[in-house]
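Return a 3D structure for these sequence lines:
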Amino acid sequence: MQAINHVAGKAIPFGRKNVDTDVIIPAHWLKTVTRDGLGQGAFEAVKKEDGNVFTDDRWAGAPILIAGDNFGCGSSREHAAWALLDMGITCVIAPSFSDIFSGNAFKNGILTVALPQAAIDRLMEVAQDQPIDIDLDTQTVTTQFQDRFTFDVDPFRKHCLLNGLDEVGLTMAQGDAISAYENKAREGLPFLANTLSIAA
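Model prediction:
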């Protein structure tokens, strides 16, 4: 998982409320056996609307998405996070998120930032033609107009995102402790030695 500390650049001013995971990535895209290319299917129905932000060149390649309240509601498909990553999105800012989406986003290295609606409205305005800056270390969202919004983040999630640690990475980081336990088990429970050797 890619570490996240600082995300800066263009932000897609989407702002729509109650966007469910089927809007983020429609069900017929879930048949794929790879994560690659899911960005093409992201917001497929929205992209068919006239004047939508996802096919507007002004926000091409933007790493930030600004959304409305209750973003990521609906089914628990992890493909929604994969599709956003494939689009190049590494941070989503909204007033609130579905718990399941927020968890899936975190596990895949996407920072979700919850801010009050007034802050969202201001960022939507700025994002029309100016970049936005998110600093996870200081937990702030800023603009070149001196706007500064602070956000809360779970300390464990912050640690994992800053260090690029997914569940496998967290386990691997405990390698010394795991080895020490296995060595102690061999000494104290010699009948397990053969089993542990085979497992190793």
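
How much space separates the residue positioned nearest the centre of the chain from residue 118?
With distances taken as CA atoms, centre = their mean, residue 110 lies nearest the centre of the chain, 1.6 Å away. Distance, residue 110 to residue 118, by CB to CB, to the nearest Å: 24 Å. For every residue, glycine as well, the C-beta is placed using N, CA and C.

got it, and residue 94?
Distance of residue 94 to residue 118, given as CB to CB: 13 Å.

now residue 131
Counting by CB to CB, the gap from residue 131 to residue 118 is 20 Å.

end-to-end on stretch 44-57?
This stretch, stretch 44-57, spans 16 Å end to end (CA to CA, to the nearest Å).

If you count neighbours, what's buried in it?
For stretch 44-57, burial by neighbour count (16 or more other CB atoms under 10 Å) applies to 44, 46, 53, 54.

same deal with stretch 67-85?
Of the residues in stretch 67-85, 67-74, 77-85 count as buried by neighbour count, 16+ other CB under 10 Å.

could you pull out the strands for the chain?
6-9, 11-13, 64-66, 91-94, 111-114, 132-135, 140-142, 148-150 (DSSP state E).

Pick the most deeply packed of those strands.
Of all these, strand 64-66 has the most neighbours on average by mean count of other CB atoms under 10 Å, namely a mean of 27.

With that, I have no additional questions.
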